[in-house]
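Participant: output the structure for:
(one chain, ligands or ions: 1)
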Amino acid sequence: MKVFVVGAGVMGSGIGQVFAMAGNQVTLYDVREDALRKAREGIAWSLNKLREKGVVKDPEETLGRISFSNSLECGGSDLVIEAVFEDLKVKGEVLREVSAKTKGVIATNTSSLPITELSTFVKRPERFLGMHFFNPPVLMKLVEVIRGEKTSDETFQFGLRVVSSLGKYPLPVRKDVFGFVVNRVLFRLFTAGCSLLALYTPEQIDYVAMNRLGMPMGLIMLLDYTGLDVNYNIAKEASRRGFEFQCPPLEERVKQGKLGAKSGEGFYNWSRGRPDIRA
Ligand code: 3HC
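Facilitator: Sure, this is the predicted structure:
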């Protein structure tokens, strides 16, 4: 299958890698040359890690299935996946542009915006659905497959089959509400974790989350890991829509350019990799 991924950030590059690992021909698109360069480096690093673990046989061959491009020509693709910044306007513009160029299925990797709303930007809403991967896409098994009001049966079934073909677990989401399933749960957990920041350190809160609640990564660390800018935007949109996701300390950090793991600092310092609070 020919897959075209729009946006070579953390999610887009991870999604492109997953499709290439399953034998698909992938084009990873971004307007920013530095994003494409970083994506190639990140994918090469990850494939080598996975070779050490025996998951990938030939990293070079897998990387060879990915073209890195700054042209949005997605005409011959069977599937286009939009993975740009989590903002209705930004996603809308990209979807409008892509939908004028392809007759294939279009999926959005939105983490919370309802598919029916996003479908107003595409020409053929019956060929449009949500395919929500989690960070890091290469390691996370679950993918939410979301049906909008106008998504056809055929497109929805195609989405579920595609996710299974990647060796992932597709969760069919039939209620197209803001945050779908996973993030509606996470919003509440994040709100609880953030409210404790007035009294406890991120390390203390995360130690509890990891050692008593059994989370692989603490709540505050997860905010850093998925990006404070992304979470800030989601929280603003959530509160606009009456959903509970409040984390007041996000705003100040984002304004200071502290975006979490990707910028080297958020609630934690990531300059030497993932902070180790597991002991
Ligand atoms: N590719 C290949 N290998 C990777 C990798 C990647 N992208 N990322 C990490 N690894 C490797 C590490 O290098 C490490 O290798 P090593 O064993 O050789 O040292 C190994 O995986 C294990 O990593 P860690 O030592 O960091 O430890 P963990 O066992 O905790 O695993 C994790 C990492 C899978 C990320 C785990 O911490 C986890 O599951 N965290 C929670 C992630 C999560 O909840 N994601 C969803 C977020 S919500 C979301 O995405 C929604 C969005 O819409 C906002």
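
Participant: helix/strand/coil for residue 3?
Facilitator: What DSSP: H, G, I helix; E, B strand; the rest coil gives for residue 3 is strand.

Participant: next, the contact list for it, please.
Facilitator: Shown in contact with residue 3 (C-beta atoms under 8 Å, 6 or more residues apart in numbering): 16, 19, 24-27, 77-81. Backbone N, C-alpha and C define where each C-beta goes, glycine included.

Participant: what about it, distance to residue 43?
Facilitator: As judged by C-beta to C-beta, to the nearest Å, residue 3 and residue 43 stand 14 Å apart.

Participant: and the contacts of residue 3 near the ligand, which?
Facilitator: Restricting those to those touching the ligand (C-beta under 6 Å from any ligand atom) yields no residues.

Participant: how about the helices of this protein, start to end?
Facilitator: Assigned by DSSP state H, the chain shows helices spanning 10-21, 33-52, 59-64, 88-99, 115-118, 153-165, 182-195, 202-211, 219-226, 228-240, 249-255.

Participant: now those helices in a markdown table, with distance to residue 135 and mean neighbour count?
Facilitator: Below are the helices of the chain laid out as a markdown table (distance: least, C-beta to C-beta, whole Å; neighbours: other C-beta atoms under 10 Å):
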| stretch | distance to residue 135 | mean neighbour count |
| --- | --- | --- |
| helix 10-21 | 6 | 25 |
| helix 33-52 | 12 | 16 |
| helix 59-64 | 20 | 15 |
| helix 88-99 | 17 | 17 |
| helix 115-118 | 20 | 20 |
| helix 153-165 | 16 | 17 |
| helix 182-195 | 11 | 18 |
| helix 202-211 | 17 | 18 |
| helix 219-226 | 5 | 25 |
| helix 228-240 | 9 | 20 |
| helix 249-255 | 17 | 16 |
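
Participant: what's the neighbour count on residue 172?
Facilitator: 14 (other C-beta atoms under 10 Å).

Participant: show me what from the stretch 1-150 of the chain comes close to the ligand.
Facilitator: Contact residues (C-beta under 6 Å from any ligand atom) of the stretch 1-150 of the chain with the ligand: 46, 49-50, 111, 134-136, 138-140.

Participant: list only buried entries from those residues.
Facilitator: With burial judged by 16 or more other C-beta atoms under 10 Å, the buried subset of these is 46, 50, 111, 134-136, 138.

Participant: endpoints of stretch 52-59, how far apart?
Facilitator: When the termini of stretch 52-59 are compared using C-alpha to C-alpha, to the nearest Å, they are 10 Å apart.

Participant: next, the buried residues of that stretch.
Facilitator: Quick answer for stretch 52-59 (16+ other C-beta under 10 Å): 56, 59.

Participant: can you list the domain ranges for this structure.
Facilitator: Each domain of the chain is listed here as a residue range: 2-173, 182-263, per automatic domain parsing.

Participant: span of the last one from start to end?
Facilitator: Domain 182-263 has an end-to-end distance of 25 Å (criterion: C-alpha to C-alpha).
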